[in-house]
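Enquirer: based on what follows, work out the 3D shape:
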Amino acid sequence: MLLDRLVARQRKAWINTKHSTGDSTIMKCRSSQRERRDFLATSACGLGTAALHSLLSHDSQAAPPAANPYQPKPSHRVAQAKACIFLNMGGGTSQMDLFDPKPLLSQRHQEPLPPSFYSDKTLFSNLDPKTATLLGSPWKFGQHGECGMEMSELLPHLSSCVDDIAQIRSVHTDEFNHQQATVMLFTGKGNAGRPSVGSWVAYGLGSESQQLPAYVVLGGKPSGGFSTLSSGLLPTAYNGVPFRQEGSPIVNLRAPQGISRQQQLETVDGISRMNRHQYELVRDPEILTRIAAYELAFRMQASAPQLLDLGDESAETLRLYGADRGEAPFTEEQKISGFKKGRFAKVAQQFLLARRLVERGVRFVVIDVGGWDHHYSMAKNTPYYCALVDQPAAALIKDLKQRGLLDETLVVWGTEFGRTPVGENAGMAADEGVPNTGRDHHPFAFSMWMAGGGVQGGTIVGQTDDIGWLPVEDPVHMNDFHATLLHLLGLNHERLAVRSQGLDVRLTDVGGHVVQKLLKQRSPI
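Expert: Numbering: from 1, shown residues only. Sure thing, here's the model as predicted:
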């Protein structure tokens, strides 16, 4: 067998290196090492780089239990949710334009910002508090559902789901810039190197999927970069697995022409045997990640094509998400920024794919929809992005509910921070008669929401002041949000920790409290 000959050759090279000091022997060993690296990099079609995760294959020889990083684990308490779909609205959504109406702000439109609001706060560099003026929302709000929750006219589809949504209007974070704030949104701290929330969930609960990664990212990489998807201090088996936006979502999904599934099985099985042998020698946990990666990659070749084929979805479901919908008109700024046609349909398909992933046992799915950083041209950009996500986000809630999955799936609308109640005074001229202004970064108070998975729908938690500058009731720190998310998934945020440099590191750092008002069943952990 080819793999047996390969193993024998590697052993011979190692013996030659150990017992000879001649230059020719050293060069021969180096050549053999390069061949081995090339073989491992190309075997199983390179799918290991796309997978990096999950349970060991039932098709190949069973590996030792320790080699199964995603073995299902018991939760700390009875879980309300089995999975989470995290909608990341990268760039910072404007709370007073979407979720938190401020009539007084509109009444005082273009009045100077009172000094009391910024005397002890740091403003972004684009704002001069001496000339900053209040900016009321140009869009109307209306009451919806049995609960009467108010929501912007820009979100007509989500407005029909308010009885399933719990709004948090008093979120605040510690970070002011996009990268650090996004890292904090995902990891609980603004500095890179800590595990992301999806990694914590996969680490704490394992996976229900035998065929797919436990932690999947759709739509691109958040602005915080790889740090927002990384397993950090945890084994790399718990990294987020990105599915590509263009072309095939998974690279090298199909086997090379002329390679049978049996040949691939033998190849992956041989690689696993070599890696298990090496693990017994050095006990490096990253070797277990490598084993899991190759074997999951092999299984994904059979399962992923079916997952990615939306042809088995009904026409009604495709219309619900807007999977074939047309494009909203691009503004000139969007054309210059390289906006591509087909984005509306692509985003809708990603939301639908998220449902298909959790339906198949994937534990944590992130959908990244960036572009909400509206420092200017707010009057054009905000409606565009609302139209981009409103229909598929509402469809996701409705579809999960219709299939009986909403009660066990937590859906989250997240953003790294909000926007200021004042307009930017960057001296930009009016664009086609519309003031060319927008809102700046605002970490002190903003809105997020949750739905399903044990959340009390039709609920509003927290309140901000009359212009949306600061929380005045039930402030929710980002670590409180994380504690609540983990609680709904059955995890105690104080017990879910990993030892690093003598300290117990956790997602919620040294703070964080479960927001009981968000829960359908209020009970201690």
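
Enquirer: residue 209 falls within a helix, correct?
Expert: No. Applying DSSP: H, G, I helix; E, B strand; the rest coil, one finds residue 209 to be coil, outside a helix.

Enquirer: pLDDT weak spots in the stretch 1-150 of the chain?
Expert: Applying pLDDT under 70 to the stretch 1-150 of the chain flags residues 1-68, 118-126.

Enquirer: what do you get for the chain?
Expert: In the chain (pLDDT under 70), the answer is 1-68, 118-126, 245-256, 258-261, 263-268, 271-272, 289-305, 328-341, 425-436, 522-525.

Enquirer: and the most centrally placed residue in it, which of the three is it?
Expert: Residue closest to the average C-alpha location in the chain (CA atoms, centre = their mean): residue 366, at 2.8 Å. Of the three states, residue 366 takes strand under three-state DSSP.

Enquirer: gap between it and residue 216?
Expert: According to CB to CB, to the nearest Å, residue 366 stands 7 Å off from residue 216. In this view, the C-beta of every residue, glycine as well, is placed from N, C-alpha and C.

Enquirer: do the same with residue 174
Expert: For residue 174, the distance to residue 216 equals 28 Å [CB to CB].

Enquirer: ok, now residue 127?
Expert: 38 Å.

Enquirer: what about these two, which has more around it?
Expert: Neighbours around residue 127 and residue 216, counted as other CB atoms under 10 Å, are more numerous at residue 216. The numbers are 25 against 20.

Enquirer: all the strands of the stretch 151-300 of the chain, residue numbers only.
Expert: Using DSSP state E, counting those that start in this stretch, the strands assigned to the stretch 151-300 of the chain run over residues 165-172, 215-218, 241-243.

Enquirer: the helices in the stretch 151-300 of the chain, which residues?
Expert: 156-159, 178-187, 197-205, 261-282, 285-308 (DSSP state H, counting those that start in this stretch).

Enquirer: mind listing residues that contact the second one?
Expert: When contacts are taken as CB atoms under 8 Å, 6 or more residues apart in numbering, the neighbours of helix 178-187 outside the stretch itself are 88, 90-92, 173-175, 189-192, 194-198, 222-225, 227-229, 232, 373, 414-417, 441, 443, 478, 507.

Enquirer: buried subset of those, written for PyMOL?
Expert: Entered in PyMOL, the line below selects the buried ones among the contacts of helix 178-187, by 16 or more other CB atoms under 10 Å:
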select buried, resi 88+90+91+92+173+174+175+189+190+192+194+195+196+197+198+222+223+224+227+228+229+232+373+414+415+416+417+441+443+478+507
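
Enquirer: re earlier: double-check the residue nearest to the centre of the chain against residue 240; I have them as touching.
Expert: Yes. Counting by CB atoms under 8 Å, residue 366 does reach residue 240; the two are 6.6 Å apart.

Enquirer: okay, and the common contacts of these two?
Expert: 198, 216-217, 229.

Enquirer: so the helix or strand containing residue 481 versus helix 197-205, what angle?
Expert: Per DSSP states H and E: residue 481 is located in helix 478-488. Between helix 478-488 and helix 197-205, the angle comes out at 40 degrees (axes from the mean of the first three to the mean of the last three CA atoms, to 10 degrees).

Enquirer: buried residues in helix 478-488, which are they?
Expert: So, applying 16+ other CB under 10 Å, buried residues of helix 478-488: 478-488.

Enquirer: checking my notes, residue 498 in a strand, right?
Expert: Yes. According to three-state DSSP, residue 498 belongs to a strand.

Enquirer: list the contacts for it?
Expert: Shown in contact with residue 498 (CB under 8 Å, 6+ apart): 195, 203, 233-234, 504-506.

Enquirer: any idea how far it is from residue 93?
Expert: From residue 498 to residue 93 the distance is 32 Å (CB to CB).

Enquirer: go on, residue 193?
Expert: Distance from residue 193 to residue 93, by CB to CB: 27 Å.

Enquirer: so which of those two has more stuff around it?
Expert: residue 93 (27 against 13).

Enquirer: secondary structure class for that one?
Expert: Going by three-state DSSP: residue 93 is coil.

Enquirer: could you do the one 3 residues further on as well?
Expert: Using three-state DSSP as the criterion, the local structure at residue 96 reads helix.

Enquirer: ok, now which ones touch it?
Expert: Contacts for residue 96 (CB under 8 Å, 6+ apart) come out as 102, 105, 137, 419, 421, 467-468.

Enquirer: may I see the buried residues of stretch 135-147?
Expert: Those would be 135-137, 139, 141, 144-145, 147, for stretch 135-147 by 16+ other CB under 10 Å.

Enquirer: same question, stretch 70-78
Expert: Judged by neighbour count (16+ other CB under 10 Å), stretch 70-78 contains these buried residues: 70, 75-76.

Enquirer: try stretch 162-180
Expert: Neighbour counts over stretch 162-180 (16+ other CB under 10 Å) mark 162, 164-176, 178-180 as buried.

Enquirer: now do the end-to-end distance for it.
Expert: Stretch 162-180 has its terminal residues 31 Å apart, counting by CA to CA, to the nearest Å.
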